[in-house]
Every structure is written in C-alpha cells, then in structure tokens.
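J.: Fold the following.
(3 chains)
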Amino acid sequence: MLTKLPRSFYERDPLIVSRELLGKFLVRRTEEGEIVGRIVETEAYIGPHDKASHTYKNRKTKRTAVQFGERGHAYIFRIYGIYHCFCAVVGPKYVPAATLIRAVEPVQGIELMRKNRQLRGETPITELTNGPSKVCRAFALTDELNGIDLCGDELFICSGEEEKFEVGTSKRIGVDYAEEYKDVPWRFFIRGNKFVSKKPRE
DNA sequence: CGACCGATCCTC
DNA sequence: AGGATCGGTCGT
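T.: The predicted structure is shown next:
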C-alpha cells in the first residue's frame, strides 16, 4: 500500500530529505501504464553556497526558476544536450535546493521502462535505471514535466512497505569542479543495492 | 555574439 | 578513451 508523500515531507532540511527519500517509491502515470521504482540513490544540491548547484549564488534563470518556487515540485533539466536529470525541489522555503534522483530499483512497469529506454537487444534489469538520465528515459521524464507538482497525479513519490536497509554516504558524482564542495558527503544510497549507479567509495 | 562546458551515457 | 549535442553562462 502506497501513500503519497505530503508537501511537508519536502519542506525540511535537504540532507534529511535526500536521505529519507531512499526506500521510497517513485510513481509515474502515463497513458501507457504505471511505472514504479524504489529509490536507491540520491544526491543533495543546496544553493546558494554549494558550488556544484545550479542555484549557486542564488542564480535564478529560466532553467533554475522552479528551485525557487514551492517545495515538492519536479526540477527536470537537460544535460549534455541529449539527456535529462530529475530532482525534487526540497528544503526550507526560499532556499533553492534539490534532491537528484540518481537511481531506482524497478518495481512495476518494467516492460514499459524497457520500451522507453529504446535499447536494442537484451539489457540486464540492473542497467535499466542505475543512473539519473536512465531514470528519466525509463520514466519518460522530459522538459514538459519540469515544474510539475509532485503532490499531483502524474508524477509523485510514495512511502510504502519499506525493507530494512543501511544508508551509505559518499561524495557526489561528476562535480569535481566544485572546489570546496566537491567532496562533501551529500550522496546517499542503499548499501549493497545492485541498482546503485556506481561503486561508492565511502 | 562567440566560446566553453556540463548533476551523462554509449560505443569504440 | 572519446563523441554526442545544445542551452546556460560568462567574457568580449
């Protein structure tokens, strides 16, 4: 039994929210069916001080605007021209912050995920959603869904039957340019889970 | 306006 | 190890 997370869940310290999103269920409803994945890896980006964040120095642009709005909305952005990343806007009001969903464990709608990924040939299930842009492909998350309310019915996150797990932390992936913020332990993952994107060095 | 580059992934 | 591919960002 899945219960949609209330907005108050997102309106807390970004590091707490990022950690507590582990084990929760990401749900996407499309015309073709419902897709569900268990979140196994997240990262926190906390403007305005975090040099890895798009909202560093409170940079407010067309792209980053949703991070300055109501908590609990989707921040979806394009990366390397061809991929997307999906975050939940989190934190106290007026602090632009987001939790990047880096990996999920497929739970439901697995064939639809495969179709959305447009992969040729057989791909092991562990390769389906073990990275932020793979999650976006599998869950059909594109620019049009940027800013969508995660308290709505198209894309949302639920609590449910939570298996017990240990939380691991590490530095974030792909932000080595961020100077004194490049090594902060703001990546969270379920220890030992097969669907985590990269072998963590804790 | 031009140059540079990225919260990535796939193929060689 | 390198390429895809384009909008954000910043310097001229």
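
J.: check contacts around the closest residue to A:D149 other than its chain neighbours.
T.: Nearest residue to A:D149, sequence neighbours excluded (CB to CB, 6 or more residues apart in numbering): A:H73, at 5.5 Å. From N, CA and C alone the C-beta is placed, and that goes for glycine too. Counting by CB atoms under 8 Å, 6 or more residues apart in numbering, A:H73 touches A:66, A:88-89, A:147-150.

J.: do you know how far A:H73 is from DNA strand B?
T.: Distance check for A:H73 against DNA strand B: by CB to the nearest atom of the strand, to the nearest Å, it reads 13 Å.

J.: before we move on, what about A:A65?
T.: Using CB to the nearest atom of the strand, A:A65 is found at 13 Å from DNA strand B.

J.: pLDDT wise, what is that residue at?
T.: On the pLDDT scale, A:A65 is placed at 93.

J.: any idea how far it lies from A:S170?
T.: As judged by CB to CB, to the nearest Å, A:A65 and A:S170 stand 30 Å apart.

J.: same deal with A:V27?
T.: Separation of A:V27 from A:S170 (CB to CB) stands at 27 Å.

J.: Tell me which of these two has more neighbours.
T.: A side-by-side neighbour count of A:V27 and A:S170, using other CB atoms under 10 Å, places A:V27 first with 23 against 18.

J.: In CSV, could you pull the C-alpha coordinates for the lengthiest strand in chain A?
T.: Across chain A, the longest stretch assigned as strand under DSSP state E is strand A:33-46. Extracted C-alpha coordinates of strand A:33-46, given in CSV (Å, rounded to 0.1, in the frame of the first residue of the first chain):
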residue,chain,number,x,y,z
GLY,A,33,0.5,2.5,-17.9
GLU,A,34,2.0,3.0,-14.5
ILE,A,35,5.7,2.8,-13.7
VAL,A,36,7.1,2.4,-10.2
GLY,A,37,10.7,2.3,-8.9
ARG,A,38,12.2,2.2,-5.4
ILE,A,39,14.6,5.0,-4.9
VAL,A,40,18.1,3.6,-4.0
GLU,A,41,20.4,6.6,-4.7
THR,A,42,20.1,10.4,-4.2
GLU,A,43,22.2,13.5,-4.1
ALA,A,44,21.6,16.9,-2.4
TYR,A,45,22.3,20.2,-4.1
ILE,A,46,21.9,23.1,-1.8
